[in-house]
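Participant: Can you look at this prediction? I've put the sequence above it.
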Amino acid sequence: MNNEPVPIEILTPKRSSDDTDDPSKARPRPPPKKVIKQRASRSPLSGEENEDDDPLNTIAIEEKSAADVMQTRFFPGPALVFGASGPQGRAVIEGLQEHGYGPLYGATRDVHSPDARYAQDVLDVTLLQVDLADVRALEKVLAETQATSIFLVTTTDMPTGNGDRADYGFQSAEDSECDTIKSFFDTLVKVYNLDHLSRHVVFSTLDNVKRICSESSGDGGDPWIESLEDGSICPHFTGKGRAGEYAMKLLENVDGLTLTLLTLPFLHSNFLGFVTPLPNEGGTQWAINACFGNSAIDMLSVSDLSYIVPELFDERVIYAGRNIRASAERIALRQVAAMFSDLFGKDVIFNPLTPQEMAALPIPAAGCMSQMCQFLGDPRSAHDIETTASVMFPRKPQLFKDWLIIHSDNKAFEEVGLLADPQEITIVTVFGATGMQGASVVKGLLTDTRKRYHVRATTRHIDGAPAKALYEMDPQRVTLIEADFSSLDSCAVAVEGSDGAFLAVDFFEGASEHVVNERMAKNIIDACEASRSVRHLVFSTMEYVEEVNRKLVPDDGEKREEEKTGEASDQLSPRAQAVAYARTKKLSCTFVLMPCYCEMFYRLLMPQLVVDEGTGEERAILTVPTKGDAKVMCMSVDDLGPAVANIFDSYEVYAGHEIGLVTEFVSVKDMSEIMAAAYISKKCETECGKQTASVERKEIPMERWIEQKDTFMKDLGGMFEYMSHTGAVRKRHSVAKTLHLVPEAKPFKQW
């Protein structure tokens, strides 16, 4: 390019020591693209094959001459990029250079910034120090660069509260930006009237949120987004939106000047700024704090502007007078948090704030950010994914998951600790250690070969035989802690000095104690949250029956009646309610959903010996419920221990996850046959002293089968009936995930 300075030039591209004025040694610029795209007679925005909707009335390319086709595409020439030192400007410059535009001019208020220097030295751009508010300088830039392709992006000068004029508020910032943009387009028209040089402008804009709110609220109604004290609503959006509407109307009657509005959605780069996941005090959980709600929002990567903007220039005849509402995808913040968790191996959550909570955050212009998030989380802010894909074709827009991988080593993520290696967990408090699950976890931790765990085993009866049995597993690594779960102080003592905790409060010890035990679980959760040492909690839980019945439909297509799930509800719901409480805490957790134990089936289906009073013969009778073809999930509780040990070993990978354990989905009929075979080969030989040829199988209705059990077995029977008929429950459990976590886990028959 010509390195001689033009009159308005401030900085020209740096030249190496061996550069000369010899044209043969000049750095070549890529030649203009010769590709001519075929266009069908279809509006790129509406998709309608309506002749009136197509401003070009185009037809298939073979029916037009080459000259006609060339008239539908603009060939590259001089280009001027305002905001050249910002991320949008940089992306556009890179794209224009790739498309063969030149010479390239970059206008910025600070030509000495590192980003401006990059544009000059690396991208070979002639830098111009220009303030858009300076009309005379702007006239000179437009006239002397002779740029026919102009990209415009502006920044809102928000009040900071530090040294601002007393009368300069958010509404002032909005008005100032709007007036500056209007002045730009007024100046553009003035210059055109002098030189009659046709120009196309792509203006990177945002929505006029205040107008949208006003129109949505109707006559006299309040907007759904509460205005700031000075009456402004999302001023950094509204100022650009107002100016874009003004410019579009202004240029309607100027034949040589055309405009494309490029309305941007939420940019991925915001996750390097005000919505970067922030850690809790203990560095165990990171939260994305914003008031987007649960809705999916449109997103786009700034880097895609390097493809979008040159295409809008190339096809200016098509896109002139249009508003391109760009978007790569529509994604919810909880999905974003999950992607952070999967990539960094940390517990990252979305913390949906209220607008008032977000407005109170210690971040710049928090009130404006709160308004913006409310707007972007509303369907009225929707963008056009299909049109964006059409503009970028054949390239694909960058999705957030890909953007996150590319920027995973960014300093912003390092500063909040997402790149830090996790601290090991080696001391674990096991609550309810003498129960079936607790004992399994103690054993699983002690037998783990990767590290030497120390276990603080809690029990209400420290002198009992079960507690002593745990201690004897390894007296050097097992410490018995007598704990009263109804006392928060006692729970706090139990977790003192521990890195991790396992919770499985026994809800089977009497139906009347369910509420008490739920309160006990909350005490343990509170103690873990308050502890400065506990980095992770593994919580063994079960489904919340009322929630499942309300949201999901069983296999037969009808919701189960409340009275038919009463027994199951008594057992499953208290744990699930405690889990819901845990999710509200600033605590890194993994939630393990347990199926029916193999041990439960053993007790439920064990054949009973019956002595014939007349003959004295012994018979083995296996009583099973009717409709025995329904499949139910199962796993041995012994396999829980290794699963929990593996979770603690990689706790940041599993943080925030719900893991539904199961080794097999098996029918009652199949289980009864397995039990009968096991009984024949084991029980009868040892207890009867003789081989029994068969086991008599007796079917009875499910209700009678449950009623024949004792109180504890009735509870298990109720759970069994519920889980065997509720597909919604089974869908939350995965054999594949279980075997990935515990490869040695056994199906029912092997157990």
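Facilitator: Structure's in. What do you need? Note that the structure is a prediction, hence the values are computed from the model and not measured. Residues are numbered from 1 along each chain as shown.
Participant: lowest average confidence, helix or strand, in this structure?
Facilitator: Sorting the helices and strands of the chain by mean pLDDT, DSSP states H and E puts helix 545-551 at the bottom, at a mean of 38.
Participant: and residue 590, what element?
Facilitator: In this assignment (DSSP states H and E), residue 590 forms part of strand 589-593.
Participant: what's the spacing between that strand and its chain's center?
Facilitator: 19 Å (Cα atoms, centre = their mean, to the nearest Å).
Participant: Tell me who's in contact with the residue nearest to residue 488 when sequence neighbours are not counted.
Facilitator: Using Cβ to Cβ, 6 or more residues apart in numbering and skipping the chain neighbours, the partner closest in space to residue 488 is residue 523 (4.8 Å). All C-beta spots, glycine's among them, are computed from the backbone N, C-alpha and C. Under the criterion of Cβ atoms under 8 Å, 6 or more residues apart in numbering, the neighbours of residue 523 are 485, 486, 487, 488, 491.
Participant: Just the mean pLDDT for the longest helix anywhere in the chain, thanks.
Facilitator: Longest helix in the chain by number of residues (criterion: DSSP state H): helix 170-195. What helix 170-195 shows for mean pLDDT is 95.
Participant: Buried ones in stretch 417-434, by neighbour count?
Facilitator: 418, 422, 425, 427, 428, 429, 430, 431, 432, 433, 434 (16 or more other Cβ atoms under 10 Å).
Participant: Look up the closest residue to the second one, ignoring the ones flanking it.
Facilitator: Yep, that's residue 422 we're talking about. That would be residue 652: by Cβ to Cβ, 6+ apart, it lies 4.6 Å from residue 422.
Participant: Give me the contact list for the host helix or strand of that neighbour.
Facilitator: If you go by DSSP H and E, residue 652 is part of helix 651-654. Contact with helix 651-654 is made by 344, 345, 346, 347, 422, 425, 500, 535, 536, 588, 590, 647, as judged by Cβ under 8 Å, 6+ apart.
Participant: Average pLDDT for that helix, rounded please.
Facilitator: On average, helix 651-654 scores 81.
Participant: Equivalent analysis for stretch 144-162, please.
Facilitator: 89.
Participant: Likewise for stretch 740-751?
Facilitator: Mean per-residue pLDDT for stretch 740-751: 85.
Participant: Would you mind writing the CA trace of it as CSV?
Facilitator: Extracted in CSV, the C-alpha atoms of stretch 740-751 (Å, rounded to 0.1, in the frame of the first residue of the first chain):
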residue,chain,number,x,y,z
HIS,A,740,-17.7,-45.3,33.9
LEU,A,741,-17.6,-44.2,37.5
VAL,A,742,-17.4,-47.7,39.0
PRO,A,743,-16.3,-50.2,36.4
GLU,A,744,-16.4,-53.1,38.8
ALA,A,745,-20.0,-52.6,39.7
LYS,A,746,-22.1,-55.9,39.4
PRO,A,747,-25.5,-56.5,37.9
PHE,A,748,-28.1,-58.3,40.1
LYS,A,749,-27.3,-61.9,39.1
GLN,A,750,-23.6,-61.5,39.7
TRP,A,751,-24.2,-59.8,43.0
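Participant: What residues are bridge-paired with the nearest residue to residue 128 once chain neighbours are set aside?
Facilitator: Closest residue to residue 128 apart from its sequence neighbours, by Cβ to Cβ, 6+ apart: residue 107 at 4.7 Å. Under DSSP bridges, the beta-bridge partners of residue 107 are residue 82, residue 128.
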